[in-house]
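Undergrad: okay, structure incoming, though there's no sequence with it:
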């Protein structure tokens with residue numbers, strides 16, 4: 001297989017390598033139900049408080065949810081509230097559903113391996129926080145093919161049980177100052193704009209952010225249309241996620257544009273590079 005001048009592939013992770021929405025929605029619902037049971041409150045009331053917390057943090061992936069809810073007085077009526085036990089139960093509920101539903105898309109492992117065999121370097125650029133991004137790429141069992149992950153920094157989480165602290169001796173991780181498409185690719189990739197235009201491909205599901213970044217640098221973009229979500233999942237995640245965060249993660253489709261190719265299945269990625 002001869003690749004058309006591509007030297008570096010920049011991958012998104014969520015809804016591109018694995019199906020973030022399909023696991024995240026039921027996982028957040030399971031965690032919400034567990035927290036509601038502990039607090040003896042309704043699902044909807046708990047979801048509304050979770051949404052307030054995530055809105056204030058600006059991300060749906062902040063790991064200090066229980067600590068934040070406690071600080072806001074959500075558990076104040078409980079006589080014997082146990083912070084660590086609640087964190088463990090909530091995370092257990094989330095993780096159980098994640099393990100069941102988080103899947104790498106069919107064809108992605110073969111595509112990534114084939115790129116590596118053809119000498120194409122690969123990195124990930126994601127709007128997810130560092131700990132979550134590393135965890136999801138590690139889950140894919142494809143970390144060995146990536147030189148590093150460029151992601152949003154993970155904030156300091158107070159009272160985080162030791163079992164949730166990630167190992168730093170993993171794939172290299174670099175913090176981004178801004179989300180896509182406002183990424184300085186020349187700085188991140190250590191390449192000139194001309195080199196990026198000529199030899200980089202960006203692969204992602206979001207037309208505004210991933211393909212927007214490709215358009216900014218006039219390089220090849222491959223829209224992972226196979227990662228499109230459903231209206232039902234959008235409505236369900238919106239119970240927890242602020243509108244900006246929800247729309248960021250679940251952009252559906254988009255029109256083809258210059259240098260932007262559409263992949264309706266991961267197998268089509270390689271065809272666009274030949």
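TA: Perfect, thanks for sending it. Just so you know, these numbers come straight off a predicted model, no measurement behind them.
Undergrad: what about the strands in the stretch 151-274 of the chain?
TA: Taking DSSP state E, counting those that start in this stretch as the criterion, the stretch 151-274 of the chain contains strands spanning 173-175, 200-204, 220-224, 260-263.
Undergrad: in a markdown table, list the ones you listed along with mean neighbour count and mean pLDDT.
TA: C-beta coordinates here come from the backbone N, C-alpha and C atoms, glycine included. Output for the strands of the stretch 151-274 of the chain, formatted as a markdown table (neighbours: other CB atoms under 10 Å; pLDDT from 0 to 100):
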| stretch | mean neighbour count | mean pLDDT |
| --- | --- | --- |
| strand 173-175 | 14 | 91 |
| strand 200-204 | 27 | 97 |
| strand 220-224 | 26 | 96 |
| strand 260-263 | 20 | 94 |
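Undergrad: for those, which one sits closest to residue 133?
TA: Residue 133 lies closest to strand 173-175 among the strands of the stretch 151-274 of the chain, at 7.4 Å (CB to CB).
Undergrad: contact partners of that closest one?
TA: The contact list for strand 173-175, computed with CB atoms under 8 Å, 6 or more residues apart in numbering, reads 130, 133, 134, 148, 149, 150, 151, 152, 153, 188.
Undergrad: tell me if I am right that the second one is in a strand.
TA: What that stands for is residue 133. No - read with DSSP: H, G, I helix; E, B strand; the rest coil, residue 133 is helix and lies in no strand.
Undergrad: and it, what does it touch?
TA: Counting by CB under 8 Å, 6+ apart, residue 133 touches 13, 124, 126, 149, 151, 173.
Undergrad: how many neighbours does the closest residue to it other than its chain neighbours have?
TA: Once flanking residues are discounted, residue 133 sits nearest to residue 151: 4.1 Å by CB to CB, 6 or more residues apart in numbering. Using other CB atoms under 10 Å, residue 151 is surrounded by 24 other residues.
Undergrad: so residue 151 sits against residue 130, correct?
TA: Yes - contact criterion CB atoms under 8 Å: residue 151 and residue 130 qualify, at 4.9 Å.
Undergrad: show me the shaky parts of the stretch 101-250 of the chain.
TA: Scanning the stretch 101-250 of the chain for pLDDT under 70 picks out 155-170, 244-250.
Undergrad: that one: helices as residue ranges?
TA: Assigned by DSSP state H, counting those that start in this stretch, the helices in the stretch 101-250 of the chain fall at 108-117, 130-140, 185-189, 193-199, 210-216, 231-237, 243-249.
Undergrad: and the third one, what other elements does it pack with?
TA: Under the contact definition 3 or more CB pairs under 8 Å, 6 or more residues apart in numbering; DSSP states H and E, helix 185-189 sits against strand 8-11, helix 193-199.
Undergrad: pick the most deeply packed of those.
TA: Across the helices and strands packed on helix 185-189, averaging neighbours per residue (mean count of other CB atoms under 10 Å) puts strand 8-11 on top, at a mean of 25.
Undergrad: which helices and strands does the following helix or strand past that strand pack with?
TA: Downstream of strand 8-11, the next assigned helix or strand under DSSP states H and E is helix 20-39. Counting contacts by 3+ CB pairs under 8 Å, 6+ apart, helix 20-39 packs against helix 43-57, helix 65-71, helix 83-101, helix 231-237.
Undergrad: most tightly packed of these?
TA: Most buried of the helices and strands packed on helix 20-39 by mean neighbour count (mean count of other CB under 10 Å) is helix 65-71; its value is a mean of 20.
Undergrad: which other residues reach it?
TA: Residues from elsewhere that reach helix 65-71 (CB under 8 Å, 6+ apart): 31, 35, 49-50, 53-54, 56-57, 62, 75, 81, 83, 86-87, 90, 157-159.
Undergrad: contacts only, for the closest residue to residue 101 other than its chain neighbours.
TA: Excluding the flanking residues, the one nearest residue 101 by CB to CB, 6+ apart is residue 23, at 3.7 Å. By CB under 8 Å, 6+ apart, residue 23 lies in contact with 97, 98, 100, 101, 102, 103.
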